[in-house]
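Undergrad: Okay, structure incoming, though there's no sequence with it:
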């Protein structure tokens, strides 16, 4: 194995690789057979001539810690003795994997459009059956096996526009709605439009620190400049305009800043922005002619008293015609909220105030990818146009939705409360989304020990936690944090009893860790 | 409306935009309301500073002709009087939209994993129920609402590897299988690895002319050089090594050629490569150190007597260890074959002989996109591991599959036969895939008239055909053709009676057109 290969393998292990990937990745190196010849022959694609942006790209949510967690799971299955019996995956916002039950209405509609005989024979409520018929009427040949228009089925885009109108109290045009396979795809499609040099400078995009690593990964992939701005942890992770100005001024030395990403409710930070805060951000965007990416996939996940979700579209609209030039793309997903349907890959974006020919070019670019999955689109339809009072599925739908949200609310409170009881921990209230991002102190000896092992201190801590307790979290360095501070992201998704158990174990671990390295 | 905007709108109209997009695109320009301000205010994204690769990108399969077809459909719905009653969409390989029925086994399995109560209550065959249980066991929390590993559920990757072993008679490693949302996604993921400069030159990728425009669109999007090689129409669209050498030598003046794309069975050309031809291509790839993209999504669609599908993997393996350095990615989809499940977005690729760290970086890049749709993966599972003799779903599955393939076979013959009876037409036998790509002559007066109207002559012809008959095909210029020749692509997907009717109408149209312009 050449030096270069060893280096790049190590680099990979220290960076990103998909969950359960260890199952693929590690045996790749232990295979016998003709694999030795792999490096002998001359290759078209080598680590030296591969797209350098792909080398740079990192995605911590499915990184090395998660790889190790999957390994441990396999070891446990094989009967290995550990101080714990199961791995608790608090690393990824994957609600169903942590025991959340699907919303019946969504699943009944999808089953009916998949196997249309169920519409007549399945005994489902009339609103389920009618919805299935409506969706099938929007499909070529009345089959979900047909391609749809690249931006999705017209009926569903209309339902999304109506949803937005109900939410905001302002008109939405269905022709500005694009359905997508989850929010990630849509975000990348819009980001990609900025790949260009302006006056000899690369385009830059402002992203929060800490941020959801899809953004850092996609910016790396597209060769766009990442312009980080710090969220104000002492002000419950609000955006501070003076920090935005500082970040922008510094970045403009090296690139042309063209857009700003805001995640509200926050991931990994759990804050819900106030209306005032959103107004200031929009003023900042207008002043500097920035395109706004509003990542609003957690819009249904608001828990704290006094917190309320305001969409950027609503606030922008209400700021009046002076702001009618500010370009905005707002993203939504069926993976989060009360439905948590990550695996179905459904989402949408609303485009606001884009130049028409820019929007037309975006639509053209999307068309080569054919269309988002029809069944994901069906899930979007159920979310955009849920059962209404008086309709037969309403009561059950409401019970299920309210149950999920109430339970998440309880868990959001439980988690911040527990962390704040722990020595050296500070955890902001989880106002929304699905995560807590506590700050914690590390004894100097632990920091030294981490350095010796060539690990970031928060990574060192997270690995110890995993090996000793089976709890898998994501170190703060995967999201970004102010130098010298340590955080991690944990989801609030384990079901209440498991979450309580996890927090108890965590508390014991932290006390032990602190005394060990004091 | 500025000159520049008019220009770019025209450019868009003459290029690509999604099917049914006219419903979105045209009214975008007739809206009143505050839209005028759209161009007044200064914008972050304009047609001047947008990613120039996105401007260049074209995708003819959903281009202006298709936009016009959708318009005509809406006109007909509103009661417009035309010489025809329906639009026949022969432009896109969308089987279900043209009346093909879904395979029952696939749909039953998907319904069961979506709504697991159906496993017990639905009365489905035991193999359907067991398959649903197996897939759910591979999902977190036993729900298709969970994320899977980014390269897919392990069980399904294993089934794909077994499918390939049965097909080729050679081992396949499930760890080299990546599930994807259709083949297009996977193709783009691999293409993207080549974005790099080598010795100051852009990387280039060889693609057939005519080609499936996903390739030209993706190369434009990624800024990779398109290196076209002509298929040999007089030799039933075979690949001619001397033409490959010519193309390569010419391209190497301006770029570093690193890969070759082969589509077998061919799209739009319908040929099935002989084993000898595949061997020559592999020798050529080895000689020039090229990575091979084998687009084999039509592997089940082989009709002609004497034609047989050989996978590149099989031929490469049987060429012995001397060729064990040749890198190959083979792509497959559930959108084609006998299943035609385009809307479900399921596919896979097999990676062969890649450097391990290159493959690991590819896996890492995929991980940021989370995972392909679980229900698309379920469809992949049903295709990779269909019912077997003795299993309860086998008889129906076989009857449905054989029925579709026999009917496609009949239509493939009918279409070539009819075109070859038409004056000035030459149509190669449709050995495989889902398309015919006939060459036809145009009277000089028609060519002149097209020039007057600023249209390519084949586009002029296709628009006349659409307006006079409602038949929608894609002009050859969307796929590439030798200068001075004219072709079009039509699918063989209209059901037999409709196809016969379409061919009769086509014949009359062509006779009339020819006499009109003679």
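TA: Structure received. Keep in mind that this is a model prediction, so the values were computed, not measured.
Undergrad: Does residue A:132 lie in a helix or a strand, and which?
TA: Using DSSP states H and E, residue A:132 maps to helix A:126-137.
Undergrad: which residues make contact with that helix from outside it?
TA: A:105, A:108-109, A:112-113, A:116, A:118-120, A:122, A:142-144, A:153, A:155-156, A:377-378, A:381-382, A:385, A:387, A:391-393 (C-beta atoms under 8 Å, 6 or more residues apart in numbering or on different chains). C-beta: built from backbone N, CA, C; applies to glycine.
Undergrad: how far is the helix or strand containing residue A:410 from where the chain is centred?
TA: Assigned by DSSP H and E, residue A:410 falls within helix A:394-421. Between the centre of helix A:394-421 and the centre of its chain there are 19 Å (C-alpha atoms, centre = their mean, to the nearest Å).
Undergrad: That one packs against which elements?
TA: Other helices and strands packing on helix A:394-421, by 3 or more C-beta pairs under 8 Å, 6 or more residues apart in numbering or on different chains; DSSP states H and E, are helix A:104-114, strand A:425-426, strand A:435-436, helix A:496-517.
Undergrad: if you set the cut-off to 7 Å instead, what comes out?
TA: Where contact means 3 or more C-beta pairs under 7 Å, 6 or more residues apart in numbering or on different chains; DSSP states H and E, helix A:394-421 is packed against helix A:104-114, strand A:435-436, helix A:496-517.
Undergrad: which non-adjacent residue is nearest the spatially most central residue of chain A?
TA: Nearest to the mean C-alpha position of chain A, counting by C-alpha atoms, centre = their mean, stands residue A:212 at 6.0 Å. Excluding the flanking residues, the one nearest residue A:212 by C-beta to C-beta, 6 or more residues apart in numbering or on different chains is residue A:267, at 4.5 Å.
Undergrad: mind listing what the one you found touches?
TA: Each residue near residue A:267 by C-beta atoms under 7 Å, 6 or more residues apart in numbering or on different chains is listed here: A:212, A:298, A:433, A:435.
Undergrad: Looking at these, state which has the most neighbours.
TA: When neighbours are counted by other C-beta atoms under 10 Å in any protein chain shown, residue A:433 leads the contacts of residue A:267 with 30 neighbours.
Undergrad: quick one: pLDDT of that one?
TA: pLDDT recorded at residue A:433 is 97.
Undergrad: which ones are touching it?
TA: By C-beta under 7 Å, 6+ apart, the residues touching residue A:433 are A:265-267, A:270, A:298, A:301.
Undergrad: thinking again about what came up before, of the contacts of residue A:267, closest to chain B?
TA: Set against chain B, the nearest of the contacts of residue A:267 by C-beta to the nearest C-beta is residue A:212 (10.4 Å).
Undergrad: Now, of the contacts of helix A:126-137, which are buried?
TA: For these, a burial check counting by 16 or more other C-beta atoms under 10 Å in any protein chain shown picks out A:105, A:108-109, A:112-113, A:116, A:118-119, A:122, A:142-144, A:153, A:155-156, A:377-378, A:381-382, A:385, A:387, A:391, A:393.
Undergrad: hmm, back to that, can you tell which of the helices and strands packed on helix A:394-421 is closest to chain B?
TA: Taking C-beta to the nearest C-beta, helix A:104-114 is the member of those nearest to chain B, at 4.2 Å.
Undergrad: Work out the gap between the helix or strand just after that closest one and the centre of the chain.
TA: Following helix A:104-114 in sequence order, the next helix or strand is helix A:117-121 (DSSP H and E). In terms of C-alpha atoms, centre = their mean, the centre of helix A:117-121 is set 36 Å apart from its chain centre.
Undergrad: and what of stretch A:107-116?
TA: How far stretch A:107-116 lies from its chain's middle: 27 Å, per C-alpha atoms, centre = their mean.
Undergrad: Run through the residues that contact the nearest residue to residue A:227 once chain neighbours are set aside.
TA: Of all residues not flanking residue A:227 in the chain, residue A:251 sits nearest, at 4.1 Å (C-beta to C-beta, 6+ apart). Residue A:251 makes contact with A:204, A:225, A:227, A:257 under the criterion C-beta under 7 Å, 6+ apart.
Undergrad: tell me which element residue A:272 falls in.
TA: Judged by DSSP H and E, residue A:272 forms part of no helix or strand.
Undergrad: and the angle for the helix holding residue A:410 with helix A:104-114?
TA: Using axes from the mean of the first three to the mean of the last three C-alpha atoms, to 10 degrees, the inter-axis angle of helix A:394-421 relative to helix A:104-114 is 120 degrees.
Undergrad: Buried residues, helix A:394-421. List them.
TA: Buried residues in helix A:394-421, counting neighbours by 16+ other C-beta under 10 Å, are found at A:394, A:397, A:400-401, A:404-405, A:407-409, A:411-412, A:414-416, A:418-419.
Undergrad: Just give me the closest of the residues you listed to chain B.
TA: Taking the buried residues of helix A:394-421 together and measuring to chain B by C-beta to the nearest C-beta, the closest member is residue A:404, at 12.0 Å.
Undergrad: ok, the residue lying closest to the closest one once chain neighbours are set aside to residue A:64 distance?
TA: Counting by C-beta to C-beta, 6+ apart, residue A:338 is the residue found nearest to residue A:404 once chain neighbours are left out, at 4.4 Å. The span separating residue A:338 from residue A:64 equals 32 Å under the rule C-beta to C-beta, to the nearest Å.
Undergrad: ditto for residue A:490
TA: 17 Å.
Undergrad: Check residue A:91 too.
TA: Applying C-beta to C-beta, the value for residue A:91 to residue A:64 is 11 Å.
Undergrad: more crowded one of the two?
TA: Comparing residue A:91 with residue A:64 by other C-beta under 10 Å, the one with more neighbours is residue A:91, at 28 against 21.
Undergrad: Find the closest residue to chain B in the stretch 101-250 of chain A.
TA: Nearest residue of the stretch 101-250 of chain A to chain B: residue A:140, at 2.9 Å (C-beta to the nearest C-beta).
Undergrad: Can you check the pLDDT for that residue?
TA: 93.
Undergrad: Phi and psi next, for it.
TA: Per-residue torsions, residue A:140: phi -60, psi 130 (degrees, to the nearest 10).
Undergrad: Find the nearest non-adjacent residue to it, please.
TA: Nearest in space to residue A:140, with sequence neighbours left out and distances taken as C-beta to C-beta, 6+ apart, is residue B:97 at 2.9 Å.
Undergrad: Test my guess that that neighbour contacts residue A:141.
TA: Yes. Taking C-beta atoms under 7 Å as the definition, residue B:97 is a contact partner of residue A:141 at 4.5 Å.
Undergrad: So for these two, which sits in the more crowded spot?
TA: Applying other C-beta under 10 Å to residue B:97 and residue A:141 shows that residue B:97 carries more neighbours, namely 23 against 18.
Undergrad: and the gap between the more buried one and residue B:317?
TA: With distances taken as C-beta to C-beta, residue B:97 is found 37 Å from residue B:317.
Undergrad: just residue A:123 next, same as before
TA: According to C-beta to C-beta, residue A:123 stands 52 Å off from residue B:317.
Undergrad: neighbour count winner among the two?
TA: Between residue A:123 and residue B:317, counted using other C-beta under 10 Å, the more crowded position is residue B:317 (19 against 9).
Undergrad: For the more buried one, pull up the helix or strand it's in.
TA: Counting by DSSP H and E, the element that carries residue B:317 is helix B:312-318.
Undergrad: The closest residue in space to residue A:229 that isn't next to it in sequence: neighbour count?
TA: Using C-beta to C-beta, 6+ apart and skipping the chain neighbours, the partner closest in space to residue A:229 is residue A:247 (3.9 Å). For residue A:247, the neighbour count with other C-beta under 10 Å is 21.
Undergrad: Pretty sure residue A:247 sits against residue A:227.
TA: Yes. Counting by C-beta under 7 Å, residue A:247 does reach residue A:227; the two are 6.0 Å apart.
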